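1. Everything below, folded, please.
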Amino acid sequence: AACEPPGRSRSSSPPVEHRIMSALSNTARVSRLYRNSLKTVLSWCVHRNIFYSERDRIRKEFAQHAGLTNPGMVEKTIAAGEAKLESYAHPDPYIMPASYGGSKFARNPPVDARMQVAVDFGRDDYAVPGRSCALKKPSWFGIF
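-> Below is the predicted model of the structure:
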């Protein structure tokens, strides 16, 4: 397929997310599996038209197993899906810039040391009436 990741070997211990997902209900596990599958495909597929075809393929896979009622078979299918998802993990996944871990997350660069705050802005000698340096009114000021 267009988005096939290269084969990679993983360590034998299950990741933290897998351990958390195994403690959830089957509905929650399937929902998270589907959502994480779409996010993983987004990391591999750069163009939207490729992503849409992969999304449809994944949706068909989930719909194919929607009618399972045997608890053992359901557990086995979900575990196989989680293992498949882990094998497709991207080494450098795409992160939205404003999301946690993104390039714009909590961006607040430090202020330049040369920057100064003008505390008396607008109260300089030439702008305050009654001071010796105050600007004189123009000769035409009272005509209108």
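2. mind checking how far residue 102 is from residue 41?
-> 19 Å (Cβ to Cβ, to the nearest Å). (Each C-beta comes from the backbone N, C-alpha and C, glycine too.)
3. likewise residue 68?
-> For residue 68, the distance to residue 41 - Cβ to Cβ - is 23 Å.
4. And stretch 43-54, end to end?
-> 12 Å (Cα to Cα, to the nearest Å).
5. Can you give me the buried ones in that stretch?
-> Using 16 or more other Cβ atoms under 10 Å as the test for burial, stretch 43-54 gives 43, 44, 45, 51, 54.
6. re earlier: looking at residue 102 and residue 41 now, which is surrounded by more residues?
-> residue 41 (19 against 13; other Cβ atoms under 10 Å).
7. The closest residue to that one other than its chain neighbours sits in which helix or strand?
-> Once flanking residues are discounted, residue 41 sits nearest to residue 54: 4.8 Å by Cβ to Cβ, 6 or more residues apart in numbering. Residue 54 is part of helix 48-64 when elements are defined by DSSP states H and E.
8. What helices and strands are in contact with the helix or strand just after that helix?
-> Moving toward the C-terminus from helix 48-64, the next helix or strand (DSSP H and E) is helix 71-87. Under the contact definition 3 or more Cβ pairs under 8 Å, 6 or more residues apart in numbering; DSSP states H and E, helix 71-87 sits against helix 16-22, helix 26-44.
9. And the closest residue in space to residue 98 that isn't next to it in sequence, how close does it get to residue 95?
-> For residue 98, the nearest residue in space outside its immediate sequence neighbours is residue 104; the separation is 5.0 Å by Cβ to Cβ, 6+ apart. Note on residue 104: its distance to residue 95, by Cβ to Cβ, is 10 Å.
10. ok, these two, which is more surrounded?
-> Using other Cβ under 10 Å as the criterion, residue 104 and residue 95 rank with residue 95 on top: 14 against 9.
11. Hmm, residue 43 and that one touching each other?
-> No - look at residue 95 against residue 43 with Cβ atoms under 8 Å: they stay out of range, at 9.0 Å.
12. how about residue 102, what does it touch?
-> Neighbour list for residue 102: 95, 96 [criterion: Cβ atoms under 8 Å, 6 or more residues apart in numbering].
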